[in-house]
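A.B. asks: Quick one, structure for this:
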Amino acid sequence: MRLFRSATTAHAHCDLPCGVYDPAQARIEAETVTAIQEKYQANEDPVFRSRALTIKEERSELVKHHLWVLWTDYFKPPHFEKYPQLHDLFNRATKAAGATGGKGSVDPADGQKLLDLIAEIDTIFWETKAAA
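C.D. replies: Prediction:
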């Protein structure tokens, strides 16, 4: 059985490098974050608010995960050469999903900022897909 055991553990977006990438995964999670922020603001029930915060933070982590997969697995050096703003854009987007944004805020305006950054990434992503 040792012959079949891998000497190195690999981590990837999925079990096989599938080549299937889409910013829609991050966008859907970010839409959830924004919707929860809106519902949180509209509800005074402490139990509801506690649940909303927990779910919002989980979804914010998923946004970061999906953005990191695109940033580190999909986009390659030629993309970063053609779109020099990409590193900064991903950095701002992951921070907007993190503690200073979606994860740490209950303001729907912060959720919208995250969605706007993902929309910029989405535009570049589809331009690179069209060129491929």
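
A.B. asks: Contacts for whichever strand or helix holds Asp116, please.
C.D. replies: Using DSSP states H and E, Asp116 sits in helix 108-131. Applying CB atoms under 8 Å, 6 or more residues apart in numbering, the external contacts of helix 108-131 come out as 21-24, 26-27, 30-31, 33-34, 37-38, 41, 63, 67, 70, 74-75, 79, 82-83, 86, 89-90, 92-93, 96-97, 101-102, 105. All C-beta atoms are positioned from the backbone trio N, CA, C, and that covers glycine.

A.B. asks: I'd like to know which of those are buried.
C.D. replies: Using 16 or more other CB atoms under 10 Å as the burial test, the contacts of helix 108-131 include 21, 23, 26-27, 30-31, 33-34, 37, 63, 67, 70, 74-75, 83, 86, 89-90, 92-93, 96-97, 101-102, 105 as buried.

A.B. asks: Among the residues you listed, which lie within helices?
C.D. replies: Of the buried ones among the contacts of helix 108-131, the ones assigned to helices by DSSP state H are 26-27, 30-31, 33-34, 37, 63, 67, 86, 89-90, 92-93, 96-97.

A.B. asks: tell me the two of those that are most distant?
C.D. replies: Spatial extent of those (CB to CB) is set by the pair Gln37 and Leu86 at 26.7 Å.

A.B. asks: which residues sit in contact with the closest residue to Ser105 other than its chain neighbours?
C.D. replies: In space, Ser105 comes closest to Gln37 once its chain neighbours are excluded; the distance is 7.1 Å by CB to CB, 6 or more residues apart in numbering. By CB under 8 Å, 6+ apart, Gln37 lies in contact with Lys56, Gly102, Ser105, Val106, Asp107, Pro108, Asp110, Gly111.

A.B. asks: try 10 Å
C.D. replies: The neighbours of Gln37, taking CB atoms under 10 Å, 6 or more residues apart in numbering as the test, are Ala52, Leu53, Lys56, Gly102, Ser105, Val106, Asp107, Pro108, Ala109, Asp110, Gly111, Gln112.
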